[in-house]
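A.B. asks: below: sequence and its predicted model.
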Amino acid sequence: MLDAKELAKALQGAGKFTDLLEQFLLSSYGECADLRYQRARYASALARCLNAFPDLKKLGIGRAPGRVNLIGEHTDYNGLPVLPMAIERDTVVLFSPRKDRRVNLVNTSFYFPPRSFDISRRIRPYAYGNWGNYAKAAAQALQEVSHGQLCGMDACVMGDVPVGSGLSSSSSLVVAIAVALAATNDIYVHPVDFAELLGRGESSYTGTEDGGMDHAVSLLASPGKPLKIDFFPLNVYEVPFPQDYSFVVCNSLIAAEKSGAVRNAYNRRVIECRLGVALLREILKDVIGTERDLTYLGGLRHISPRKLSSAIDSLPDAALSLRQVAKLAGIPVSRIRGSALRLGNGETLTEPREGFKIKQRVRHVLTEGRRVEQAVSAIERGDMKSFGRLLNESHESCATDYEVSTPELDALVEMCREEGALGARLTGAGFGGCAISLVHDRDAADLMSAVIARYYHDYLPRERKESPISIISLEDAIFACKPCGGAATLM
Ligand code: NG1
């Protein structure tokens, strides 16, 4: 554990922990990061921590980043790859182990009041929307591997991943608490197993049908390297990224809160893909040959593109009712309702009145999976132009076939392309949230000033008749980033 006074000195650039701290910051944020800014940030968290826990003498640091998904949207839950990168924006936890099972948390932000709970065998969640649930999710998940012996901690949490914008602020909080608790209890879990454990843990506390990418990238990323992640089983592959390119993240400022309508729209797409599998499995067996065990669309990835597009062509163009799907798939309606329409939390999705749009959803997912593989090759060849083109194609497919874009995201993406992006697209689930643009470093500042003028000062106030920028600072709405390192601890 670090001596609190020595840590304070190291954050000022003096004392015996200076090198250790420097190394930790470099491996977390990468060579290009503003380490002075990070030191000042950590110093303010330390002050808040000592204020809340005045007797604290020794402490550790845990951190876990947010992420942007570069390409591979709505592919993870279909067993097809994604290509996210960890960003500098992260959650930092300063923690001091306790001998009992109490967890006391304070947050540097006023929006998140202090929380305290005991690590019992089954930790009861707070009401929906309470930030303490993410800490409970992490503690509960670690209980599984600690055989019920988990001790608690006093901790101060500080995060700068913008909330509700598709940058995975929640997963970064879960992972940061989890690495702190694991360190406190001297527990080692293989990072791949840890990612799966925390993914399940967060879903069970928050009720979202998480696809699995967020915890994996937050735990496993290295600086300078986006991760290609495959699922079922989880597998990661680092893709070295050219140093002179960045991504500009632009928040559309249309909140994509994963509750109510957005959650339903997200889950509906998960189900449309499952129904696509049922149709392809049963009806197109002549086209897809021996793939009788098909459970995810990803099971089709080894089929030749020619056969695959003929399989997609065989699907009916029109939206289908559940009855029609059942008939075509040769499965009783009750069975398909009980299996494909069942959500992780036990609810059953209500059939949309306009029917299930299966063909276009399948087309998006399968072409998007291919675009991820092509993007990896383009980056490895250093062909940023082709990579940019793939980002644009991904956006079109998300907008037209998957229907997860919004007028604001479309406008933002268009502006970014006009202002010098090599490619631009929405990132994350869609329905609001952020767009990302691939730019050469020399063009990043110009692109950002043009988008600030055009989108935040003109388009938004004109189209939305409001200026939401008053509730979020411009630095949080639009910023450039490079691939950063994954979760780490220092103690
Ligand atoms: P966002 O909206 O960025 O949290 C969600 C899912 C991902 C993935 C993307 C779409 C959760 C927590 N995350 O991401 O797993 O499916 O949508 O590619 O539900």
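C.D. replies: Great, that's in hand.

A.B. asks: going forward, measure contacts between C-alpha atoms and count neighbours the same way
C.D. replies: Will do.

A.B. asks: excluding chain neighbours, what is closest to P226?
C.D. replies: M85 (4.3 Å; CA to CA, 6 or more residues apart in numbering).

A.B. asks: I'd like the distance between S44 and A8.
C.D. replies: Counting by CA to CA, to the nearest Å, the gap from S44 to A8 is 10 Å.

A.B. asks: neighbour count for those two, which is higher?
C.D. replies: A8 (20 against 15; other CA atoms under 10 Å).

A.B. asks: might you report the residue contacts of that one?
C.D. replies: By CA atoms under 8 Å, 6 or more residues apart in numbering, the residues touching A8 are A43, L46.

A.B. asks: can you check T406 too?
C.D. replies: So T406 contacts A399, G430, F431, G432 (CA under 8 Å, 6+ apart).

A.B. asks: just the ones of those residues in helices?
C.D. replies: A399 (DSSP state H).

A.B. asks: so which of the contacts of T406 comes closest to the ligand?
C.D. replies: Nearest to the ligand among the contacts of T406 is G430, at 6.4 Å by CA to the nearest ligand atom.

A.B. asks: for that closest one, what are its contacts?
C.D. replies: Residues in contact with G430 (CA under 8 Å, 6+ apart) are G166, A256, V404, S405, T406.

A.B. asks: from those, which has minimum pLDDT?
C.D. replies: Note: of the contacts of G430, the lowest pLDDT belongs to A256, at 76.

A.B. asks: spatially nearest residue to A43, not counting backbone neighbours?
C.D. replies: L11 (6.2 Å).

A.B. asks: domain-wise, how is this protein divided?
C.D. replies: Under the assignment automatic domain parsing, the domains of the chain span 2-241+485-490, 262-360.

A.B. asks: what is the helix or strand encompassing E272 packed up against?
C.D. replies: Per DSSP states H and E, E272 falls inside helix 260-283. Here helix 260-283 touches helix 322-329, helix 358-381, going by 3 or more CA pairs under 8 Å, 6 or more residues apart in numbering; DSSP states H and E.

A.B. asks: quick check: angle from it to helix 322-329?
C.D. replies: 20 degrees (axes from the mean of the first three to the mean of the last three CA atoms, to 10 degrees).

A.B. asks: tally of neighbours for the closest residue to R269 other than its chain neighbours?
C.D. replies: Counting by CA to CA, 6+ apart, R361 is the residue found nearest to R269 once chain neighbours are left out, at 7.3 Å. Using other CA under 10 Å, the number of residues around R361 comes to 22.

A.B. asks: same question for L422.
C.D. replies: L422 has 21 nearby residues by other CA under 10 Å.

A.B. asks: what sits against it?
C.D. replies: L422 touches M384, K385, G388, R389, S437, L438, V439, counting by CA under 8 Å, 6+ apart.

A.B. asks: mind listing what the last one touches?
C.D. replies: Spelled out, it's V439. Y245, S246, F247, V248, G420, A421, L422, G423.

A.B. asks: the same query, at a cut-off of 10 Å, please.
C.D. replies: 244-248, 384, 388, 416-417, 419-424, 445, 447, 480 (CA atoms under 10 Å, 6 or more residues apart in numbering).

A.B. asks: same question, the second one
C.D. replies: By CA under 10 Å, 6+ apart, K385 lies in contact with A378, I379, L391, A421, L422, G423, L438.
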